[in-house]
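**Q** What follows is a predicted protein model with its sequence.
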Amino acid sequence: MISVEIDGKEIQVEEDTTILNAAKSLDIRIPTLCYNELIEPYAVCRICTVEVIRGKRTRLVTACNYPLRESVKIRTNSERVLKLRRMNLELLMARAPAAKIIQEMAAEMGIERTRFPIDNPKEKCILCGLCVQMCQDVVGAYAIGFADRGSTREVSTPYERTPETCILCGACAHVCPTGHIRMTDAEERIIHSKLSLGPNAAITIPFRQAIPNVPRIHAEDCIHFKTGECMLCSKVCPKDCIHYDDKDEVEEFEIGAVIVATGFDDFDPTPMKQFGYGKYPNVLSAIEFEQMNNAGSPTGGKIVMENGEEPRSVAILHCIGSRDENYHKYCSRVCCMYALKFAHLFKEKSNAEVYQLYIDMRAFGKGYEEFYQRILDEGVNVIRGKGTEVVPNRWGAGEGDLLVKCEDTLIGKYREIPVDMIVLCTALEARSDAADIARKLNISMGADGWFIESHPKLAPVSTTTEGIYLAGVCQSPKDIPDAVAQGSAAAAQGMKMLAQGQILMDAAYAEIAEEFCSGCRICNGLCPYNAITFDETKKVSNVNSAMCKACGTCVAACPTGAIEGRHFTDEQIYAQIEGILV
Amino acid sequence: MENIEVIIQKHQGRPSALIPILLDIQHECRYLPEDALLFVSQKLSIPLSRIYSLATFYNAFSLKPRGRHSVSVCLGTACHVQGSTLILEKVERDLDVKRGETTKDLNFDLEEVYCLGCCGLAPVMTVDRDIYGKMTLTKVHSILKKYTGSTTDQTAQRQTQEVA
């Protein structure tokens, strides 16, 4: 430990502590530009220069990389230091006039403008090399470096092209003190389709309401998993929570009931070429518009077009992919109401003229019709007729660069409406992997891909398999209140079963008379509920009566007549027939 | 690429011999081709960005093809007083290039320099390693002519000998 005096204050520090760190522990602020605690100091900006007094001799040194090895006095704001700092700032101002942080520092020091000639008024780079060190030493990508020498020196990539070694981590942009390096989206759809703007951080909290609400590392984007370097996140984490060797694990649980709530897929409107989704940047799907509206979106919740301007007029097209012979015949049920909500948002957040193009307005729930009336009162143009085509507005007339064609069935006229932005109310679709789930859980799935409940009126949350219940849109399109209601019902059903500790069985199920069973196993493969197993020791098949649904398939198929449906034996059926004949 | 392989072999493929390797490539090709730098980068396992930094830092390297002969006209104090600016302008006119450029047929580079250390001969012009002192406007054409065409390509011959 050595004792040093900084601006008249004494402090004990470890040997080789830098002046900057010693001053920091005394709460003395030394300005820095090119210093970053994660990177070895390069001491190139010279802003942190201070005066070291050793006996009668004084020296000007850079605080960021001067190691304290003996008892010295340090002055961080003597006239000599300040004079030098001012000169330094003037030179930096001439070098990088557009850098805001330098202007602020200069203003703080009372410098209005530089006396040195300015070469490039737009320059921001001060050649501090933080980005280069970051890229080479920390990231290990070696994508950027210095090029040229002397007055023409610059930070550059080889041949000024995006190098193959660049992993687009954005670390260079992050450490750049003057904002000279920025990340731009390689694909030009900045606002809409690619909502993740700027550096795609490899460690993020997946989404705002994620549970547990902790960051996770995306191995495919993480520098550490590519180059073995970096590990910045573990260096800055004060609680040592970052483990790079954690692996995905498969865990098995014993459970008594399953609630299937697998949700839905959003219909992709790209194949419907007539609406120009993917072709015109201002044609958005409903979910994209919803994301843009979120306060956490890149636009900050503002409604803007791709060029950053507010739309002058918008059209909301209902039934994209729903109630359509070519895609889904069913009504997606939620679109009318969210479309009305969108109209309300447009009216609230912008001055745009809003058009709703609908086939039938289905405002069926509690308070929904009233909401519809309110939207009408807000001055939304509600047109009965489905939008048929979106084309560019070549004539430039009206308030919009796109034209929506439709037939207004209430006035019986064909219309072309000029709008700037279009929101497509896309259908709710069964998940693409619904068939897998159905097979795994042994539940049935309808032609549209929605799971089938065991009775549409009397058992709307149960499935044909005991202990498996349905909740939400995986069963059929429904809105949030309905999904919550069904979820609660499914939970209650599950709880009821678990609380009882036993299953209430139907009296009808199949039974195998062991003495007649030949062990042919034909029934094993036929059972749709996997209720029949083969007993290897006795060489006979067994029916698990809890799983059997009494469908009778095995009864009919059994070549030896060993299987019998309880309450549906041949004798009973014959007796019933005879009873009818009497 | 085979030549470059030979050059790397000559230096036993040591990463520390990067500068000599680049110098040899520069000599061989009269510039550093992009493919060559990529190749060197892969062979020596040195990041391309580092090689690019080096190649742009040293004046001895060029990323664009240089001329067979390099013409330097001195603009140092003594030469300047003796009117070397006029000589330089005459060379620029004759070769149809500006200072710092290379002729279209890749025969000449033209550079301005500041003092060649023989101010007694001012104004001075050099072509490759040949020094032409007490230059006049009338001499320019005939000197440049010596280096035009293949027959008088002495320096090129000398260079080949050196490489061999």
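**A** Everything's here; your move.
**Q** Send me stretch A:221-240 as PDB with only the CA atoms.
**A** The C-alpha trace of stretch A:221-240 is given here as PDB (Å, rounded to 0.1, in the frame of the first residue of the first chain):
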ATOM      1  CA  ASP A 221     -24.900 -14.800 -31.800                       C
ATOM      2  CA  CYS A 222     -22.600 -14.800 -28.800                       C
ATOM      3  CA  ILE A 223     -19.000 -13.900 -29.500                       C
ATOM      4  CA  HIS A 224     -17.700 -16.200 -26.800                       C
ATOM      5  CA  PHE A 225     -19.200 -19.200 -28.500                       C
ATOM      6  CA  LYS A 226     -17.600 -18.200 -31.800                       C
ATOM      7  CA  THR A 227     -14.100 -17.000 -30.800                       C
ATOM      8  CA  GLY A 228     -13.800 -18.100 -27.200                       C
ATOM      9  CA  GLU A 229     -13.000 -14.500 -26.300                       C
ATOM     10  CA  CYS A 230     -15.000 -11.700 -24.900                       C
ATOM     11  CA  MET A 231     -16.700 -12.900 -21.700                       C
ATOM     12  CA  LEU A 232     -17.600  -9.300 -21.000                       C
ATOM     13  CA  CYS A 233     -20.900 -10.100 -19.500                       C
ATOM     14  CA  SER A 234     -19.300 -12.300 -16.900                       C
ATOM     15  CA  LYS A 235     -16.800  -9.600 -16.100                       C
ATOM     16  CA  VAL A 236     -19.500  -7.000 -15.500                       C
ATOM     17  CA  CYS A 237     -21.900  -9.200 -13.700                       C
ATOM     18  CA  PRO A 238     -21.500  -8.400 -10.000                       C
ATOM     19  CA  LYS A 239     -23.100 -11.700  -8.800                       C
ATOM     20  CA  ASP A 240     -21.300 -14.200 -11.100                       C
END
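**Q** Retrieve the pLDDT associated with the nearest residue to A:R75 once chain neighbours are set aside.
**A** Excluding the flanking residues, the one nearest A:R75 by CB to CB, 6 or more residues apart in numbering or on different chains is A:E51, at 4.5 Å. Any C-beta I mention is one placed from the backbone N, CA and C, and that applies to glycine too. Per-residue confidence (pLDDT) for A:E51: 93.
**Q** Now A:E51: which helix or strand?
**A** strand A:49-54 (DSSP states H and E).
**Q** Tell me which helix or strand comes right after that strand.
**A** Remark: after strand A:49-54, the chain's next helix or strand is strand A:57-62, criterion DSSP H and E.
**Q** just to revisit the earlier point, contact partners of the strand holding A:E51?
**A** A:19, A:23, A:30, A:58-63, A:66, A:70, A:72-76, A:78, A:80-81, A:84-85, A:88 (CB atoms under 8 Å, 6 or more residues apart in numbering or on different chains).
**Q** What remains of those if I keep only buried residues?
**A** Buried by 16 or more other CB atoms under 10 Å in any protein chain shown: A:19, A:23, A:30, A:58, A:61-63, A:66, A:72-76, A:78, A:81, A:84-85, A:88, out of the contacts of strand A:49-54.
**Q** What about the residues you listed, which are in strands?
**A** Judged by DSSP state E, strands contain the following of these: A:58, A:61-62, A:73-75.
**Q** out of the residues you listed, which one sits closest to chain B?
**A** Chain B lies nearest to A:T62 out of these, by CB to the nearest CB, at 23.6 Å.
**Q** hmm, back to that, tell me what angle the strand holding A:E51 forms with strand A:57-62.
**A** Counting by axes from the mean of the first three to the mean of the last three CA atoms, to 10 degrees, strand A:49-54 points 150 degrees away from the direction of strand A:57-62.
**Q** in the stretch 251-400 of chain A, which spans are helices?
**A** A:286-293, A:335-349, A:368-377 (DSSP state H, counting those that start in this stretch).
**Q** near chain A, which residues of chain B show up?
**A** Residues of chain B that fall close to chain A, judged by CB under 8 Å from any CB of the partner chain: B:34, B:37, B:47-53, B:56-57.
**Q** what sits against A:K405?
**A** Residues near A:K405 by CB under 8 Å, 6+ apart: A:387-391, A:414-416.
**Q** so it, which of the three states?
**A** What DSSP: H, G, I helix; E, B strand; the rest coil gives for A:K405 is strand.
**Q** Which pLDDT value goes with it?
**A** A:K405 is given a pLDDT of 94.
**Q** And B:D153, by the same measure?
**A** 49.
**Q** isn't A:G387 right up against A:M272?
**A** No. A:G387 is beyond contact range of A:M272, at 10.6 Å (criterion: CB atoms under 8 Å).
**Q** Secondary structure element holding the most centrally placed residue in chain B?
**A** Note on chain B: the residue nearest the mean C-alpha position is B:S70, at 4.9 Å, using CA atoms, centre = their mean. Assessed by DSSP H and E, B:S70 sits inside strand B:69-74.
**Q** And that strand, what does it pack against?
**A** In terms of contacts (3 or more CB pairs under 8 Å, 6 or more residues apart in numbering or on different chains; DSSP states H and E), strand B:69-74 is packed against helix B:84-95, strand B:108-113, strand B:125-127.
**Q** Which neighbours in the sheet does it have, and how are they oriented?
**A** Using DSSP bridges, the strands paired with strand B:69-74 are strand B:108-113 (parallel), strand B:125-127 (antiparallel).
**Q** for these, which one ends up most surrounded?
**A** Comparing the strands paired with strand B:69-74 by mean neighbour count (mean count of other CB atoms under 10 Å in any protein chain shown), strand B:125-127 comes out on top with a mean of 21.
**Q** downstream neighbour of that one in the secondary structure list?
**A** Taking DSSP H and E, what comes next after strand B:125-127 is strand B:130-132.
**Q** follow-up on the earlier one: pull out the buried residues from the residues of chain B next to chain A.
**A** Taking 16+ other CB under 10 Å as the criterion, what is buried in the residues of chain B next to chain A is B:37, B:47-53, B:56.
**Q** Let's have those residues in a markdown table, adding pLDDT and secondary structure.
**A** Listed next are those as a markdown table, based on pLDDT from 0 to 100; DSSP: H, G, I helix; E, B strand; the rest coil:
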| residue | pLDDT | secondary structure |
| --- | --- | --- |
| B:L37 | 91 | helix |
| B:P47 | 90 | coil |
| B:L48 | 91 | helix |
| B:S49 | 90 | helix |
| B:R50 | 90 | helix |
| B:I51 | 92 | helix |
| B:Y52 | 92 | helix |
| B:S53 | 91 | helix |
| B:T56 | 91 | helix |
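**Q** Out of the residues you listed, which comes closest to A:F342?
**A** B:S49 (48.2 Å; CB to CB).
**Q** Tell me who's in contact with that closest one.
**A** A:135-136, A:142-145, A:157-158, A:163, A:165.
**Q** go on, B:V127?
**A** By CB under 8 Å, 6+ apart, the contact list for B:V127 reads B:69-71, B:143-144, B:146-147, B:155.
**Q** near chain B, which residues of chain A?
**A** Chain A has residues A:135-136, A:142-149, A:156-159, A:163, A:165 near chain B, with proximity defined as CB under 8 Å from any CB.
**Q** For PyMOL, write the selection for the buried entries among these.
**A** Entered in PyMOL, the line below selects the buried ones among the residues of chain A next to chain B, by 16+ other CB under 10 Å:
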select buried, chain A and resi 135+136+142+143+144+145+146+147+156+157+158+163+165
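**Q** distance of the residue in the stretch 251-400 of chain A positioned nearest to chain B from A:A575?
**A** Residue nearest to chain B within the stretch 251-400 of chain A: A:P298 (30.5 Å; CB to the nearest CB). Here A:P298 is placed at a distance of 74 Å from A:A575 (CB to CB, to the nearest Å).
**Q** Which phi and psi values does the residue of chain A found nearest chain B adopt?
**A** Here chain A gets closest to chain B at one residue, A:Y142, 3.2 Å apart by CB to the nearest CB. When read as degrees, to the nearest 10, the backbone of A:Y142 gives phi 50, psi 40.
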